[in-house]
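S.K.: Quick one, structure for this:
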Amino acid sequence: MYIYLGILNLLTVWVMMAQLQQGGPDEKEKTTALKDLLSRIDLDELMKKDEPPLEFPDTLEGFEYIFNEKGQLRHIKTGEPFVFNYREDLHRWNQKRYEALGEIITKYVYELLQKECHLKKVTLPVDATESEPKSFIFMSEDALTNPDKLLVLIHGNGVVRAGQWARRLIINEDLDSGTQIPYIKRAIEEGYGVIVLNPNENYIEVEKTKAQVQLSSDSSDEPAEKRERKDKIQKETKKRRDFYEKYRNPQKEKETMQMYIRDNGSPEEHAIYVWDHFISQSAAENVFFVAHSYGGLAFVELMIQREAEVKNKVTAVALTDSVHNVWHQEVGKTIREWMRENCCNWVSSSEPLDTSVESMLPDCPRVSAGTSRHELTSWKSFPSIFKFFREAVEAKNSSVKPTPTRRSNRIKYEEL
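M.R.: Numbering: from 1, shown residues only. Coordinates of the predicted model:
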């Protein structure tokens, strides 16, 4: 296979060199012959030998993997962890296989939220018609009626969906570190209602029709003469690109278009929508948020848009390696002051858990999550966060603001 590719590359270079040389009839004849030889090579057939079809199982069992009693993904036959490089030197195929497994993992976590955590799936928008794109969230039966406490979970950006912190952790570590399930179970045990947001489910993808593909390429308003010249250049460029694309990617994927979900087209929109239709309508006296990475930015945007409501209803916010920025988001002084009193950000750091970490931004206190890995911050700070919430309720009841754990506090406890 590699010999074929080497010959192909060498022939291509010869053609290019021959075109650059100003020669007589002999050189032109050689160039023509080389071009003819290249045209006879069936790149599709070559690549079929190189890259298997992009067709993968749709179940964990089909992949021959299963989660063991420790929540670790293991091969059914060998007991080994997941192997990314299933086929050597086929990174694109391996990546597509990993993504296909990731989609199965997402559905598996959804099932766990319903079966193990006893959460119900609620469709968004709440007044969605049968034909429009839809999203969903998960919530406990008492999420809106619990008079005491409500926990709201927001994950970060990317491929993760409701119930997940990090897909990579689920696949390579275990369910406890990679999913929100430990938070949900602990919250239910301690008498919280629970709402699990799904901020990355912003659109559905549908395959473009031929007419739509053609329309997208012909939708320019430029003058006809200029468009003709551009089309000619684009056709030549496309011809060359397609030649190499056949070599690089013979299994051309279908063109799709995105249909956005009404009022939920971004993580920020989603957070505001769920606040307006669910969280703000809940009976809970104390609402708590845990927001990871981009979820922290979405929460800050929610505060900007619904400042008075959030201040009135939210007791404490635990951020885990949040990427919010009070300057870029133009956060006002009153919100920054509220965040300093009611929020704490557990950040990636090599320092021990709960050690104070200096910040350049005038917002909430920052403490170490006890890990330098961004994706692990929610899991490593798990016990400290529930302690922070308990202290927030006690402080609220005694009219004293909670103080996030500091290095000095940790030393005092160790001395005792």
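
S.K.: got a list of what F63 touches?
M.R.: F56, P57, L101, I104 (Cβ atoms under 8 Å, 6 or more residues apart in numbering). Every residue, glycine included, has its C-beta placed from N, CA and C.

S.K.: Top of these by number of neighbours, please.
M.R.: With neighbours taken as other Cβ atoms under 10 Å, the top of the contacts of F63 is L101, carrying 21 neighbours.

S.K.: In contact with that one, which residues are there?
M.R.: Neighbours of L101 in contact, by Cβ under 8 Å, 6+ apart: F56, F63, Y65, F82, I171.

S.K.: Roughly how far does it sit from V196?
M.R.: 22 Å (Cβ to Cβ, to the nearest Å).

S.K.: From the contacts of F63, pick the one nearest I204.
M.R.: Minimum distance to I204 across the contacts of F63 is 18.4 Å, recorded for I104 (Cβ to Cβ).

S.K.: thinking that closest one is in contact with E61, fair?
M.R.: No. The criterion here is Cβ atoms under 8 Å, and I104 misses it with E61 at 9.8 Å.

S.K.: quick one: L297 and D321 touch, right?
M.R.: No. Counting by Cβ under 8 Å, L297 sits too far from D321 to count as a contact (11.4 Å).

S.K.: G71 against D174, yeah?
M.R.: Yes. With contact taken as Cβ under 8 Å, G71 and D174 are classed as touching, separated by 4.3 Å.

S.K.: remind me which residues of the chain are low pLDDT?
M.R.: Residues of the chain that meet the criterion pLDDT under 70 lie in 1-50, 209-254, 399-416.

S.K.: all strands in it, in order from the N-terminus.
M.R.: 65-67, 73-75, 120-124, 135-139, 149-154, 192-196, 203-207, 256-260, 286-292, 314-320, 343-347, 356-357, 366-368 (DSSP state E).

S.K.: Which one of those lies nearest to W379?
M.R.: strand 314-320 (8.8 Å).

S.K.: Tell me the bridge partners for the closest residue to V290 other than its chain neighbours.
M.R.: Once flanking residues are discounted, V290 sits nearest to A318: 4.8 Å by Cβ to Cβ, 6 or more residues apart in numbering. A318 has these beta-bridge partners by DSSP bridges: V290, C344.

S.K.: A318 and I279: what is the separation?
M.R.: 16 Å.

S.K.: who's more crowded, those two?
M.R.: Taking other Cβ under 10 Å, A318 and I279 do not tie; A318 has more neighbours (28 against 25).

S.K.: residues touching the more buried one, list them.
M.R.: Neighbour list for A318: F288, F289, V290, A291, C343, C344, W346, S381, I385, F388, F389 [criterion: Cβ under 8 Å, 6+ apart].

S.K.: which ones are touching the fifth one?
M.R.: When contacts are counted by Cβ under 8 Å, 6+ apart, C343 touches A316, V317, A318, L319, D363, C364, P365.

S.K.: now the last one
M.R.: Contact criterion Cβ under 8 Å, 6+ apart gives F288, T315, A316, A318 as the residues in contact with F389.

S.K.: Could you identify the most distant pair in those residues?
M.R.: Farthest-apart pair in the contacts of F389 is T315 and A318; separation 11.1 Å (Cβ to Cβ).

S.K.: Give me the common contacts of the two.
M.R.: Between them, T315 and A318 share the contacting residues F288, F389, judged by Cβ under 8 Å, 6+ apart.

S.K.: need the strands of the chain in TSV with distance to E337, can you?
M.R.: Output for the strands of the chain, formatted as TSV (distance: least, Cβ to Cβ, whole Å):
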stretch	distance to E337
strand 65-67	45
strand 73-75	45
strand 120-124	33
strand 135-139	30
strand 149-154	22
strand 192-196	27
strand 203-207	37
strand 256-260	35
strand 286-292	18
strand 314-320	14
strand 343-347	11
strand 356-357	19
strand 366-368	16
